[in-house]
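Peer 1: Fold the stuff below for me.
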Amino acid sequence: MQALVLHQAGQWREMEVETLPKPSPNQGEIVVQVKAAGLNPVDYKIATNGNPNWTYPHVLGVDGAGIVEEIGEGVTEVKPGDRVVYHGNMQKDGNFAEYAKTPAHTVSIIPDSLSFEDVAAIPCAGYTAYQALFRKMNLEAGQHIIIHAGAGGVGGFAIQLAKYAGLKVITTASGANHDYVKQLGADYAIDYKEEDFVKRALEITNGEGVHAVLDTVSGDNATKSIEAIGFNGHIAFIAGAPDITANIHFARSLSFHQIALGGAHMVNNHHQQQDLSRMGNEMVELLAEGHISSLLEEVVNLEEVPEALERLSQRHVRGKIVAKPS
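Peer 2: Here you go, the predicted structure:
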């Protein structure tokens with residue numbers, strides 16, 4: 001099969017398409033003919049230092065969508081020919097290839113009405129947003145939430161999901177992306193280069209503070225965000241933890257939530273791994289019913305993936321990029 005190959009940690013910019021053996025499923029696994037693979041910052045981030053569980057050559061690409069080609073022993077969730085989407089195990093070979101394998105109990109079925117490219121844009125960013133909003137934080141319609149970097153993948157899905165849940169959405173984005181994030185459902189857009197988002201959020205909430213924050217930027221940004229959270233509020237973070245110890249106050253009573261979506265593959269907990277499938281089912285249904293957009297902005301081929309990952313690393317990509325292996 002053709003695959004985009006990483007030969008050594010740190011060399012993701014130099015990856016090229018080569019021929020590798022087609023994978024075979026182990027017990028509980030399926031082999032998927034990959035029709036589309038989503039690009040995510042985690043792909044280049046983990047490739048920069050490598051993973052002790054990898055052997056080289058290694059294939060990146062955590063998000064995959066395609067057709068079930070072969071099933072392993074004990075698989076009952078799907079059958080050959082099914083259209084599936086999934087968040088793969090970052091400790092193993094990924095989806096920048098013509099074929100990939102993944103645990104059967106973590107995949108979601110794709111209806112015929114949706115394209116592989118659209119659904120492949122969802123898992124890593126979409127499930128992360130879903131987990132933050134609906135698994136971690138106790139949110140109710142009418143409450144305010146700050147979603148940082150609303151023009152990005154996680155931020156874009158979070159805006160749509162939060163709006164669907166009836167929340168009042170405040171997001172940070174460059175001025176050039178304000179119309180874009182408002183089209184996704186943001187009620188307020190703050191230019192992080194020009195405005196103090198804490199001051200603006202307190203103005204919007206009449207000094208009470210927001211009920212929740214989803215930070216996708218950095219630990220420092222998460223720490224600053226705490227100043228905008230009201231009593232009994234929440235902060236979920238994916239790009240670095242806020243300074244928690246300095247912000248434990250009886251009169252604030254905040255809740256801190258680490259989001260580590262891919263960690264489900266690293267624990268011996270079938271139920272937690274199946275939650276990837278459950279979140280996928282819900283996201284696919286919302287997409288099929290028109291409640292959310294896939295955020296798909298660009299489709300590339302495998303040879304173009306390194307350059308696209310480079311653009312992702314510069315943090316100026318809007319929406320999602322998806323690769324087609326063939």
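
Peer 1: list the contacts for the residue nearest to residue 155 when sequence neighbours are not counted?
Peer 2: With Cβ to Cβ, 6 or more residues apart in numbering as the criterion, residue 155 has its nearest non-adjacent residue at 4.4 Å, and that residue is residue 149. Heads up, the C-betas are built off the backbone N, CA and C, glycines and all. Shown in contact with residue 149 (Cβ atoms under 8 Å, 6 or more residues apart in numbering): 155, 171, 172, 173, 216, 217.

Peer 1: Mind doing that once more with 6 Å?
Peer 2: For residue 149, the contact set (Cβ atoms under 6 Å, 6 or more residues apart in numbering) comprises 155, 216, 217.

Peer 1: how many neighbours does the first one have?
Peer 2: Burial of residue 155, expressed as a neighbour count using other Cβ atoms under 10 Å, amounts to 27.

Peer 1: residues contacting it?
Peer 2: By Cβ under 6 Å, 6+ apart, the residues touching residue 155 are 147, 149, 216.

Peer 1: which one of the residues you listed sits closest to residue 318?
Peer 2: Taking Cβ to Cβ as the measure, residue 318 lies nearest residue 149 of those, at 10.4 Å.

Peer 1: pLDDT score assigned to the nearest residue to residue 247 once chain neighbours are set aside?
Peer 2: In space, and not counting its chain neighbours, residue 247 is closest to residue 226: 5.1 Å by Cβ to Cβ, 6+ apart. We note a pLDDT of 97 for residue 226 in this prediction.

Peer 1: now the one 5 residues further on
Peer 2: Looking at residue 231, its pLDDT reads 97.

Peer 1: same thing with residue 249?
Peer 2: In the predicted model, residue 249 carries a pLDDT score of 88.

Peer 1: Give me the three-state assignment for it.
Peer 2: Put simply, residue 249 is coil when judged by DSSP: H, G, I helix; E, B strand; the rest coil.

Peer 1: What are the contacting residues of the top helix by length along the chain?
Peer 2: Looking across the chain with DSSP state H, the single longest helix is helix 270-288. Residues outside helix 270-288 that contact it (Cβ under 6 Å, 6+ apart): 87, 105-106, 108, 111, 113-114, 122, 126-127, 130, 264, 292.

Peer 1: Now do the helices in the stretch 101-250 of the chain.
Peer 2: In the stretch 101-250 of the chain, the helices defined using DSSP state H, counting those that start in this stretch lie at 116-120, 128-130, 153-164, 178-184, 197-204, 219-225.

Peer 1: May I see these arranged in TSV, with distance to residue 97 as well?
Peer 2: Shown next, in TSV, are these (distance: least, Cβ to Cβ, whole Å):
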stretch	distance to residue 97
helix 116-120	13
helix 128-130	23
helix 153-164	21
helix 178-184	31
helix 197-204	40
helix 219-225	34
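
Peer 1: how about the ones you listed, which one is nearest residue 326?
Peer 2: Per Cβ to Cβ, nearest to residue 326 of those: helix 116-120, 11.3 Å.

Peer 1: Need the max-distance pair from the contacts of helix 270-288.
Peer 2: Using Cβ to Cβ, these reach their maximum pairwise distance at 113 and 264, which is 27.7 Å.

Peer 1: who's more crowded, these two?
Peer 2: Remark: of residue 113 and residue 264, residue 264 carries more neighbours, 20 against 9, as counted by other Cβ under 10 Å.

Peer 1: That one: what's it in contact with?
Peer 2: 272, 273, 276.

Peer 1: To which secondary structure element type does it belong?
Peer 2: Here residue 264 is helix, with the state taken from three-state DSSP.

Peer 1: Which of the contacts of residue 264 ranks first by neighbour count?
Peer 2: Most neighbours among the contacts of residue 264, by other Cβ under 10 Å: residue 276, with 25 neighbours.

Peer 1: Which pLDDT value goes with it?
Peer 2: At residue 276, the model reports a pLDDT of 98.

Peer 1: Give the closest residue to it in space, chain neighbours not counted.
Peer 2: Leaving aside its sequence neighbours, residue 276 sits nearest to residue 106 (Cβ to Cβ, 6+ apart; 4.5 Å).

Peer 1: Next: residue 27.
Peer 2: Nearest non-adjacent residue to residue 27, counting by Cβ to Cβ, 6+ apart: residue 73, 4.6 Å away.
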